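In: Output the structure for:
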Amino acid sequence: MASTEIDDNCNMQINAFSDYALRILMYLMVNGDRLVTSREIATSYDLSFDHIAKAAQFLSRHGYVSAIRGRSGGLQLSQRPTDISIGEVLRLTEAGSGLVECMRAGPTHCKLANVCGLAPLLTEANEAFFQTLDQKTLADAVPHAPALLNALKPCSDNV
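Out: Numbers count the residues shown, from 1 in each chain. The predicted structure follows:
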């Protein structure tokens, strides 16, 4: 690869925790008022139950999800999908995970930290990213709820 080319994989990314949190919200949205377990969500997405449970607990703690304990318990949205800002959720789930080392809490090992102008530029770009997503809601992320619900069913149910 020539030095001026950019690798196709060099895109802005959210962390896995944020991804799981958004997937949980989308799953709960398409399932309406039905109580859904973390295990069901993990199975539907073929993801780790422990990771989904942790993200679900986070969403519950921040008021996006109601968690009902017990045998007939489960999760459901505690807000309308049109009231859940994707940007707001990501600001919470991405907190502390700056784009580069010097943007994260704690000491930096970068020798350029005191003289570099990159961090302010990345901070500005990151804020533009969040501002764009502040205007988008969970409802915007699921424009085709029936199709999404169908895609999340076990393979034998999709026939």
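In: quick one, what contacts the residue nearest the centre of the chain?
Out: Against the mean C-alpha coordinate of the chain, by C-alpha atoms, centre = their mean, the closest residue is S18 at 2.9 Å. The neighbours of S18, taking C-beta atoms under 8 Å, 6 or more residues apart in numbering as the test, are V89, L90, T93, E94. For glycine as for every other residue, the C-beta is placed from the backbone atoms N, C-alpha and C.
In: quick one: secondary structure of it?
Out: Assigned state for S18: helix (three-state reduction, DSSP: H, G, I helix; E, B strand; the rest coil).
In: number of nearby residues for the closest residue to it other than its chain neighbours?
Out: Distances taken as C-beta to C-beta, 6 or more residues apart in numbering place T93 nearest to S18, at 4.0 Å, with adjacent residues excluded. For T93, the neighbour count with other C-beta atoms under 10 Å is 21.
In: residues making contact with the helix or strand containing S44?
Out: Counting by DSSP states H and E, the element that carries S44 is helix 38-45. Here helix 38-45 makes contact (C-beta under 8 Å, 6+ apart) with 23-24, 27, 47-49, 51-53, 56, 74-75, 152-154.
In: CA-only coordinates of the longest helix anywhere in the chain, as PDB, when you get a sec.
Out: Identified as the longest helix of the chain according to DSSP state H is helix 118-134. The C-alpha coordinates for helix 118-134 follow below in PDB (Å, rounded to 0.1, in the frame of the first residue of the first chain):
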ATOM      1  CA  LEU A 118      -4.200  16.600  16.900                       C
ATOM      2  CA  ALA A 119      -6.200  16.000  20.100                       C
ATOM      3  CA  PRO A 120      -8.200  19.300  19.700                       C
ATOM      4  CA  LEU A 121      -9.000  18.400  16.100                       C
ATOM      5  CA  LEU A 122     -10.100  14.900  17.000                       C
ATOM      6  CA  THR A 123     -12.200  16.300  19.900                       C
ATOM      7  CA  GLU A 124     -13.900  18.600  17.400                       C
ATOM      8  CA  ALA A 125     -14.600  15.800  15.000                       C
ATOM      9  CA  ASN A 126     -15.800  13.500  17.800                       C
ATOM     10  CA  GLU A 127     -18.200  16.100  19.000                       C
ATOM     11  CA  ALA A 128     -19.600  16.600  15.400                       C
ATOM     12  CA  PHE A 129     -20.200  12.800  15.300                       C
ATOM     13  CA  PHE A 130     -22.100  13.000  18.600                       C
ATOM     14  CA  GLN A 131     -24.100  16.100  17.500                       C
ATOM     15  CA  THR A 132     -25.200  14.300  14.400                       C
ATOM     16  CA  LEU A 133     -26.400  11.300  16.400                       C
ATOM     17  CA  ASP A 134     -28.000  13.500  19.100                       C
END
